[in-house]
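[1] Could you work out the structure for the sequence below:
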Amino acid sequence: MAKGMRVKLVYEVSQDPDTGVEVTRLTPPEVTCHRNYFYQKCFTNDGSKLLFAGEFDGNWNYYLLDIAAGEAVQLTEGTGDNTFGGFLSPDDKSLYYVKNERTLLEVNLETQVEREVYRVPADWVGYGTWVANSDCTKLVGIEISKDDWVPLNDWKIFHDFFHKGPHCRLLRVDLQTGESAVIHQEKNWLGHPIYRPFDDNTVAFCHEGPHDLVDARMWMVNEDGSNVRKVKEHAEGESCTHEFWVPNGSSLIYVSYLKGQQGRTIYSYNPETGVNAEVMQMPACSHLMSNFDGTLLVGDGSGTPVDVKDTGGYTIDNDPYLYAFDVAKKAYFRVARHDTSWATFANSRQVTHPHPSFTPDDSAILFSSDKDGKPALYIAKMPANPELISAK
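    Model prediction:
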């Protein structure tokens with residue numbers, strides 16, 4: 001198959017056995033398909049089309065699904081697509097993604113014509129998820145020295161890579177000219193660079209690695225490289241993970257969990273005051289994402305984290321549910337079962353992760369799961385009258 005080819009999808013609609021909500025599987029369980037990273041734009045503004053990754057021709061490439069028509073058009077071709085980091089532009093005209101850890105490309109959604117925006121220098125490797133500012137005029141990304149780089153295909157390599165102390169740099173790239181500038185660099189594994197929405201001066205990033213070994217997970221830096229600062233000093237036995245900006249830019253939200261405890265805590269960081277505030281307790285969810293203004297959150301129940309060194313100290317029961325959180329009421333409810341395995345599959349640590357997020361109108365939740373076979377995409381409708389559980 002090639003760019004421009006179309007794939008007809010046959011949806012499977014069912015009712016969740018526990019909550020009764022309607023769940024639609026969009027992609028066939030015999031073909032590996034997954035969504036992009038949970039804070040990257042995947043729906044068009046009106047919610048009618050969805051960006052996803054599929055292996056319909058032997059390669060993991062990007063497709064744009066017309067949801068009503070059940071037809072997806074192939075946007076990219078060949079090997080080497082970073083199918084987690086790609087995103088749609090705010091005007092719904094382009095896809096941006098990195099290919100072969102080397103080239104940042106812009107794809108015209110109508111014509112599938114590609115434009116090379118930026119090329120990673122030969123002695124560096126483009127790593128992870130690259131994230132645009134709100135105007136989509138530039139993005140921030142991470143490059144790792146080629147001498148230090150190894151493909152991070154499983155969790156053992158993930159652990160070993162942390163101890164290497166790889167030379168990493170956080171950079172910004174102009175999406176029109178391709179000009180780049182290094183914002184920050186250090187001999188420390190860096191990841192998750194994210195512009196604060198509607199505030200290009202503030203960039204969040206993380207110290208990556210086993211959560212119980214990193215000095216402090218979350219950091220901020222000004223776009224000019226000044227004022228590098230910690231978001232939070234970890235308490236004894238505390239790990240923090242999966243931070244994201246509320247899409248309106250009001251706060252950075254993240255998950256905190258303590259050694260020996262089943263539950264987790266949602267925290268919010270105010271970038272203006274530097275204050276971390278507890279939002280509410282929650283079940284043992286891994287990823288967390290909000291709607292535009294942060295009034296609703298969605299999380300994916302998980303099991304013992306694999307991205308810690310002391311798995312025995314952090315052992316928890318597996319939780320198969322998607323949860324929604326009402327911030328004002330400090331309460332949550334089950335939406336549907338995701339029942340994913342969380343397994344490493346096809347040399348990917350991420351492809352079976354649910355990575356849930358809301359549809360643009362907050363009426364449903366998009367997630368990935370391998371519960372029916374290979375990883376596939378699902379949409380679960382929000383329950384009309386959910387049974388609220390008070391968060392202590």
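[2] Low-confidence bits of the stretch 201-350 of the chain, can you list those?
    211-212, 303-317 (pLDDT under 70).
[3] now do 90
    208-216, 233-242, 257-264, 283-286, 301-319, 342-350 (pLDDT under 90).
[4] which stretches of it form strands?
    Taking DSSP state E, counting those that start in this stretch as the test, the strands found in the stretch 201-350 of the chain are 218-222, 229-230, 238-245, 252-258, 264-270, 275-282, 285-290, 296-301, 321-326, 331-337.
[5] Mind putting those strands into CSV with distance to D135?
    From N, CA and C alone the C-beta is placed, and that goes for glycine too. As requested, the strands of the stretch 201-350 of the chain are exported to CSV (distance: least, Cβ to Cβ, whole Å):
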stretch, distance to D135
strand 218-222, 18
strand 229-230, 25
strand 238-245, 15
strand 252-258, 20
strand 264-270, 23
strand 275-282, 28
strand 285-290, 21
strand 296-301, 25
strand 321-326, 29
strand 331-337, 33
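[6] which one of these lies closest to K138?
    strand 218-222 (14.5 Å; Cβ to Cβ).
[7] Could you dump the strands of the stretch 201-350 of the chain into CSV and include distance to Y39 and mean neighbour count?
    Output for these, formatted as CSV (distance: least, Cβ to Cβ, whole Å; neighbours: other Cβ atoms under 10 Å):
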stretch, distance to Y39, mean neighbour count
strand 218-222, 14, 19
strand 229-230, 21, 14
strand 238-245, 5, 22
strand 252-258, 10, 22
strand 264-270, 15, 20
strand 275-282, 17, 15
strand 285-290, 6, 24
strand 296-301, 12, 25
strand 321-326, 16, 22
strand 331-337, 19, 22
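[8] Quick one, which of those gets closest to L388.
    Once the strands of the stretch 201-350 of the chain are compared by Cβ to Cβ, strand 331-337 is nearest, at 4.2 Å.
[9] who wins for proximity to D361 among the strands of the stretch 201-350 of the chain?
    strand 296-301 (11.6 Å).
[10] any idea how far the closest one is from the chain center?
    In terms of Cα atoms, centre = their mean, to the nearest Å, the centre of strand 296-301 is found 13 Å from the chain centre.
[11] Over to stretch 38-50?
    The answer for stretch 38-50 is 13 Å, by Cα atoms, centre = their mean.
[12] residues in contact with it?
    For stretch 38-50, the surrounding residues in contact (Cβ atoms under 8 Å, 6 or more residues apart in numbering) are 26, 35-36, 51-52, 64-68, 84-90, 92, 129, 131, 194, 244-245, 287, 289, 355-357, 359-361, 366, 377.
[13] now do stretch 117-130
    Contacts for stretch 117-130 (Cβ under 8 Å, 6+ apart): 37, 40, 82, 84-85, 96, 98, 101-106, 139-147, 149, 168-169, 173, 175, 178, 180, 191-193.
[14] Buried ones in that stretch, by neighbour count?
    Within stretch 117-130, the residues scored as buried using 16 or more other Cβ atoms under 10 Å are V117, Y118, V120, W124, V125, G126, Y127, G128, T129, W130.
[15] what distance separates the start and the end of it?
    Terminal residues of stretch 117-130 lie 13 Å apart, using Cα to Cα, to the nearest Å.
[16] averaged over its residues, what pLDDT does that stretch have?
    Taken as a whole, stretch 117-130 carries a mean pLDDT of 96.
[17] What are the buried residues along stretch 16-28?
    D16, T19, V21, V23, R25, L26, T27, P28.
[18] for the fourth one, helix, strand, or coil?
    Right, V23. Three-state assignment for V23 (DSSP: H, G, I helix; E, B strand; the rest coil): strand.
[19] Now do the contacts for it.
    V23 makes contacts with V13, S14, Q15, D16, A336, Y378, I379, A380, K381, as judged by Cβ under 8 Å, 6+ apart.
[20] With the fifth one instead?
    Applying Cβ under 8 Å, 6+ apart, one finds that R25 lies in contact with Y11, E12, V13, S14, D372, A376, L377, Y378.
[21] For PyMOL, what selects the buried ones among those?
    Entered in PyMOL, the line below selects the buried ones among the contacts of R25, by 16+ other Cβ under 10 Å:
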select buried, resi 372+376+377+378
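[22] Which one of the contacts of R25 is nearest to S256?
    Y378 (27.7 Å).
[23] so where's the stretch 1-150 of the chain shaky on pLDDT?
    Ranges of the stretch 1-150 of the chain meeting pLDDT under 90: 1-2, 57, 148-150.
[24] Do a quick rundown of the strands in it.
    Using DSSP E, counting those that start in this stretch, the strands of the stretch 1-150 of the chain run over 6-8, 12-15, 22-25, 33-34, 49-54, 61-66, 71-74, 87-88, 94-99, 103-108, 114-119, 124-132, 138-145.
[25] out of those, deepest packed?
    The highest mean neighbour count among the strands of the stretch 1-150 of the chain, using mean count of other Cβ atoms under 10 Å, belongs to strand 33-34: a mean of 27.
[26] who does it pair up with?
    strand 49-54 (antiparallel) (DSSP bridges).
[27] what angle do the strand it pairs with and strand 94-99 make?
    Interaxial angle of strand 49-54 relative to strand 94-99 (axes from the mean of the first three to the mean of the last three Cα atoms, to 10 degrees): 20 degrees.
[28] so how far is strand 49-54 from its chain's centroid?
    14 Å.
[29] Which parts of the stretch 101-250 of the chain are helices?
    Along the stretch 101-250 of the chain, counting by DSSP state H, counting those that start in this stretch, helices occupy 155-164.
[30] on that earlier part again, from the contacts of R25, which is closest to M280?
    Y378 (25.7 Å).
[31] Assign a three-state SS to that closest one, would you?
    Per three-state DSSP, Y378 ends up strand.
[32] Check the gap between it and V131 for me.
    Look at Y378 and V131: by Cβ to Cβ, to the nearest Å, they are 24 Å apart.
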